[in-house]
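# Let's see this in three dimensions:
(one chain, ligands or ions: 1)
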Amino acid sequence: MKKKIAIIGAGVAGLTLANFIKKFTDHEFMLYEREESLSLEEGYGIQLASNSTKILNQIDFNKIDNEKLYNPKTIDFYNIQNKKICNLNLSKFNSIEAKYTTLQRSTLIEFLKEDIYTQHLRFGKKIKEVSELKDKILIKFDDNTNDLVDFVVAADGIFSNTRSFFEKKKVEPKFKKAIAARVILNSKSELNIDEENISLMLGGNSHIVLYPINKKKDLNMVCIMRCKKYDPDKTKQLAQEIVIKQNPKLKNIFDNEIKTWPLYFTPKIIPSTNRKVFYIGDAFNGFLPTLAQGAGQSIESAFEIFNLLKKERLDKNNNYFENRLKRAKIIRNRSNFNFFVFHFSNPIMQKIRNIFLKFLINRKFFLKSYLGKVYKN
Ligand SMILES: Cc1cc2nc3c(=O)[nH]c(=O)nc-3n(C[C@H](O)[C@H](O)[C@H](O)COP(=O)(O)OP(=O)(O)OC[C@H]3O[C@@H](n4cnc5c(N)ncnc54)[C@H](O)[C@@H]3O)c2cc1C
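Numbers count the residues shown, from 1 in each chain. Below you'll find the predicted structure:
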């Protein structure tokens, strides 16, 4: 039976779900975004492993202009002094139909908005009130418009405001006492790295990830630094105290224009108490970026909701929460573990970690259980 769905939030999760509903079903839907436009600011890279590209290819992600994508085959591990530790062959997790892909976030959003933009996306929409009418949910927005729907899918990010309308229990995201700093390096970096690969430099209380985001090989750099408080005005000072102190050659990178974010995570995953309401993407659970799976999980969770909808099982004893929880726990444990071991500051611990890393990185059992489970090879 034809259903009506309101999707709240037009990030990766909301847009992915909208594309699947549009392409494969006759259900009615509308995507409600709080902002007045989509953020298409260039310069932010995103990594998509095969678990998410496999899903996106069903909505023709593989037809994006190839020049705007990159398929790195290897992750090179270095210490922060730029001395190589080992490398991981990423192409082992690729298949013909799904490859590890890096790109600008704006390229992904442009692609996801294409079929949705004119008919199915409304901007400047913030929920004011919700109520249940018979078997439906009435959503009132603060611009005095409303919508009566069968299902609400909240995709409004880690600070999901939609939750507060439906749930009594609050889940406050927690500051991880770390920040992320991002820069795009258009020219060749002066580092001793292979710019065709993803480079991961592990330092005390910090790590740096560099990867190409297109065929021109513009490099995206993300630096995660631990700090007690988030102060965007003190980024360069923090970089000096934590990163540049460990390797002065990195100073040039931080001379560029830098954007920063505080890192938050969801401490507890709580189910929806309303069988007509679902949470996807960061609204379900926000992960640390140390496994580069945030967008990937947004895509997976959107796909799970789409499948239940297609099978007409969204309102019947569905197992969305149980399955998503299981999956989120796998990703969360690995993201948290990576965060912990990437940042050792004790030189002995760093040495031990590097020995383990070198030993494990080429072992089939390790790759299969640690990354294979994430990339689903
Ligand atoms: C430093 C860093 C690096 C990362 N790198 C990667 C990576 O390489 N690979 C990867 O897979 N992931 C990465 N991630 C994570 C990834 O970007 C996010 O997990 C993902 O974008 C979440 O998508 P989302 O759609 O759930 O939420 P969001 O992208 O947060 O989108 C939510 C949308 O909802 C809108 N909204 C918010 N509130 C409301 C409201 N009340 N009403 C209506 N609309 C609302 C927002 O404006 C926004 O458009 C990284 C994250 C960080 C911090």
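# Who are the contact partners of residue 265?
By Cβ atoms under 8 Å, 6 or more residues apart in numbering, the residues touching residue 265 are 173-174, 176, 286-288. In this view, the C-beta of every residue, glycine as well, is placed from N, C-alpha and C.
# oh sorry, the question was meant for residue 13
155, 280-283, 298-299, 301-302.
# May I have the predicted confidence score for the residue lying farthest from the centre of the chain?
Here the chain reaches farthest from its C-alpha mean at residue 134, the gap being 36.3 Å by Cα atoms, centre = their mean. Per-residue confidence at residue 134 stands at 86 (pLDDT).
# now it: how far from the ligand?
Distance, residue 134 to the ligand, by Cβ to the nearest ligand atom, to the nearest Å: 25 Å.
# before we move on, the earlier item: and the contacts of residue 13, which two are the farthest apart?
Within those, 283 and 299 form the most distant pair, 13.8 Å apart (Cβ to Cβ).
# ok, what's across the strand from residue 148?
residue 138 (DSSP bridges).
# Residue 107 is in contact with residue 67, isn't it?
No. Using Cβ atoms under 8 Å as the test, residue 107 is too far from residue 67 to be in contact (10.1 Å).
# Which one's more surrounded, the two?
Taking neighbours as other Cβ atoms under 10 Å, residue 107 and residue 67 compare with residue 107 leading, 19 against 9.
# near the ligand, which residues of the stretch 51-200 of the chain show up?
125-126, 155-157, 161, 180 (Cβ under 6 Å from any ligand atom).
# Now tabulate those residues in TSV and tack on secondary structure, pLDDT and neighbour count.
Listed next are these as TSV, based on DSSP: H, G, I helix; E, B strand; the rest coil; pLDDT from 0 to 100; neighbours: other Cβ atoms under 10 Å:
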residue	secondary structure	pLDDT	neighbour count
125	coil	98	23
126	coil	97	14
155	coil	98	32
156	coil	98	27
157	coil	97	22
161	coil	97	15
180	strand	97	17
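# Do a quick rundown of the strands in the stretch 51-200 of the chain.
In the stretch 51-200 of the chain, the strands defined using DSSP state E, counting those that start in this stretch lie at 69-70, 74-79, 84-89, 101-104, 121-122, 127-133, 136-141, 146-149, 151-154, 174-185, 198-203.
# Can you tell me the strand partners of the last one and which way each runs?
What that stands for is strand 198-203. Strand 198-203 has the following strand partners under DSSP bridges: strand 74-79 (parallel), strand 206-212 (antiparallel).
# quick one: contacts of that strand?
47, 72, 74-80, 82, 85, 90, 102, 191, 193, 207-211, 242-243, 246-247, 342-344, 350, 353.
# Same check on the second one?
When contacts are defined by Cβ under 8 Å, 6+ apart, strand 74-79 is touched by residues 84-91, 193-194, 196-203, 350, 354, 357, 361.
# and if you look at the third one?
Contacts made with strand 84-89 from outside it, assessed by Cβ under 8 Å, 6+ apart, are listed as 73-79, 197, 202, 354, 357-358, 361-362, 367, 371.
# That strand vs strand 74-79, what angle?
Strand 84-89 and strand 74-79 meet at an angle of 160 degrees, taking axes from the mean of the first three to the mean of the last three Cα atoms, to 10 degrees as the criterion.
# For strand 84-89, output the C-alpha coordinates as CSV.
What follows is strand 84-89, C-alpha atoms only, in CSV (Å, rounded to 0.1, in the frame of the first residue of the first chain):
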residue,chain,number,x,y,z
LYS,A,84,56.9,4.4,7.1
ILE,A,85,55.6,1.6,9.4
CYS,A,86,53.7,-0.6,6.9
ASN,A,87,50.9,-0.6,4.4
LEU,A,88,47.5,-2.1,4.0
ASN,A,89,46.3,-3.3,0.6
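# tell me which residues of that strand are tucked away?
85, 87-88 (16 or more other Cβ atoms under 10 Å).
# Now do that strand, average pLDDT.
97.
# That one - which strands sit beside it in the sheet, and in what orientation?
strand 74-79 (antiparallel).
# From what I see, residue 263 and residue 286 are in contact.
No. Applying Cβ under 8 Å as the test, residue 263 and residue 286 come out as separate, 9.2 Å apart.
# More neighbours: which of these two?
residue 286 (25 against 22).
# which non-adjacent residue is nearest that one?
Using Cβ to Cβ, 6 or more residues apart in numbering and skipping the chain neighbours, the partner closest in space to residue 286 is residue 158 (3.6 Å).
# who touches the one you found in this structure?
173, 264, 266, 282-283, 286.
# Likewise for residue 106?
So residue 106 contacts 40-44 (Cβ under 8 Å, 6+ apart).
# so of those, which ones are in helices?
Judged by DSSP state H, the contacts of residue 106 include no members of helices.
# Now list the buried members of these.
Buried among those by 16+ other Cβ under 10 Å: 43-44.
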